[in-house]
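Novice: sequence? don't have it. structure:
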């Protein structure tokens, strides 16, 4: 009886998703994807980034929301520094004023990168323009293919324009 109960519980729980390994995190979209995988795998945690469905202009859109309870400006800047610059801001022993300046600078970098790929519809809410960054339940190989093809809004619109001219 207990074996059947375990089997039923295993079937009812969603399959754990695999994040990109650290050696493959070469782009900001990998960082965001891994954050959403963590949110999917551990919904009880207060993770930084969550996938979402949001009503925008009378249409449900896929996107993500950044948890405003997790000091997002600082956390996003720290993630950017770690993954794009290879430094940990907290371990640098910087004065508080200089640390605040770096956090502000790196947060602006993050905001510029995200504006290239996603449409911001709220202080910490973004929707995908065409290709979703995260699809719940997919395997890592599918995510690799999709993220490799993910184009910025500008590149995507140029490609779309040139396709329609043919």
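Specialist: Right, received. Where do you want to start? Remember, it's a predicted structure, so these values are computed and weren't measured experimentally.

Novice: so what does the longest helix along the chain touch, helix or strand wise?
Specialist: As assigned by DSSP state H, the longest helix anywhere in the chain is helix 96-117. Packed against helix 96-117 by the contact rule (3 or more C-beta pairs under 8 Å, 6 or more residues apart in numbering; DSSP states H and E) you find helix 28-41, helix 72-80, helix 153-165. C-beta: built from backbone N, CA, C; applies to glycine.

Novice: ok, residues contacting the first one?
Specialist: For helix 28-41, contacts defined as C-beta atoms under 8 Å, 6 or more residues apart in numbering pick out 14, 16-20, 24-25, 45, 47-51, 64, 79-80, 83-84, 110, 113-114, 117, 133-134, 136, 143, 147, 150.

Novice: and those, which are buried?
Specialist: With burial judged by 16 or more other C-beta atoms under 10 Å, the buried subset of the contacts of helix 28-41 is 17, 19-20, 25, 47-51, 64, 79-80, 83-84, 110, 113-114, 117, 133-134, 143, 147, 150.

Novice: helices and strands around the helix or strand where residue 50 lies, which ones?
Specialist: Using DSSP states H and E, residue 50 maps to strand 49-56. Here strand 49-56 touches helix 28-41, strand 59-66, strand 125-128, going by 3+ C-beta pairs under 8 Å, 6+ apart.

Novice: For the residue most central in space within the chain, give its distance to residue 142.
Specialist: By C-alpha atoms, centre = their mean, the chain has its centre lying nearest to residue 32, at 2.3 Å. Going from residue 32 to residue 142 by C-beta to C-beta, to the nearest Å gives 16 Å.

Novice: so which of the helices and strands packed on strand 49-56 is the most packed in?
Specialist: helix 28-41 (a mean of 21; mean count of other C-beta atoms under 10 Å).

Novice: any idea of the mean pLDDT in that one?
Specialist: Computed over helix 28-41, the mean pLDDT rounds to 95.

Novice: Show me the shaky parts of this protein.
Specialist: Within the chain, the stretches with pLDDT under 70 are 1-14, 154-166.

Novice: what angle sits between the strand holding residue 50 and helix 28-41?
Specialist: Per axes from the mean of the first three to the mean of the last three C-alpha atoms, to 10 degrees, the angle that strand 49-56 makes with helix 28-41 is 90 degrees.

Novice: So what are the sheet partners of strand 49-56 and their directions?
Specialist: strand 59-66 (antiparallel) (DSSP bridges).
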